[in-house]
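1. here you go, sequence then predicted model.
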Amino acid sequence: MCLAIPGKITTITTDADNPFRSGKVSFGGIVREVNLSMVPEAGVGDYVLVHVGTAIGTVDEQEAQTTFDYLKQIGELDDLDIERI
């Protein structure tokens with residue numbers, strides 16, 4: 001099964017004009033470097049859905065929390081030891 005995990009952009013580490021834009025995304029306190037090329041509209045503080053290290057879409061905070069809660073319920077976040085985003 002392919003999953004996209006919601007996370008919050010904390011910093012953008014490349015220029016906005018860079019076609020290979022990237023940034024740091026927090027998944028409930030676990031921060032990873034993520035490719036942001038597919039979401040040029042996303043900025044610091046926005047929530048994105050991340051699949052295999054690439055943000056594939058933006059979501060609002062409520063949708064991110066709902067998705068995160070569902071993933072937790074089905075046990076997909078057990079290895080991450082995360083309570084809430």
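-> Looks like it arrived, so ask away.
2. after the longest strand along the chain, next one along is what?
-> For the chain, the strand with the greatest residue count under DSSP state E is strand 5-12. Using DSSP states H and E, the helix or strand that follows strand 5-12 in sequence is strand 22-27.
3. pull up the pairing partners for that next one, direction included.
-> strand 5-12 (antiparallel), strand 30-35 (antiparallel) (DSSP bridges).
4. nearest to Asp60, of those?
-> Counting by Cβ to Cβ, Asp60 lies closest to strand 5-12 out of the strands paired with strand 22-27; the figure is 10.0 Å. No exception for glycine: its C-beta is placed from N, CA and C like everyone else's.
5. can you check the pLDDT for the closest residue to Ser37 other than its chain neighbours?
-> Nearest in space to Ser37, with sequence neighbours left out and distances taken as Cβ to Cβ, 6 or more residues apart in numbering, is Arg21 at 5.4 Å. Looking at Arg21, its pLDDT is 92.
6. hmm, Arg21 is touching Thr11, no?
-> No - Arg21 is not in contact with Thr11 according to Cβ atoms under 8 Å; the separation is 11.8 Å.
7. more neighbours: the two, which one.
-> Between Arg21 and Thr11, Arg21 has the larger neighbour count (other Cβ atoms under 10 Å), namely 20 against 12.
8. pull the contacting residues for the more buried one.
-> 12, 14-15, 35-37, 40 (Cβ atoms under 8 Å, 6 or more residues apart in numbering).
9. and Asp69, which of the three is it?
-> Put simply, Asp69 is helix when judged by DSSP: H, G, I helix; E, B strand; the rest coil.
10. tell me the one of the contacts of Arg21 nearest Gln65?
-> Closest to Gln65, out of all of these and judged by Cβ to Cβ, is Leu36, at 20.8 Å.
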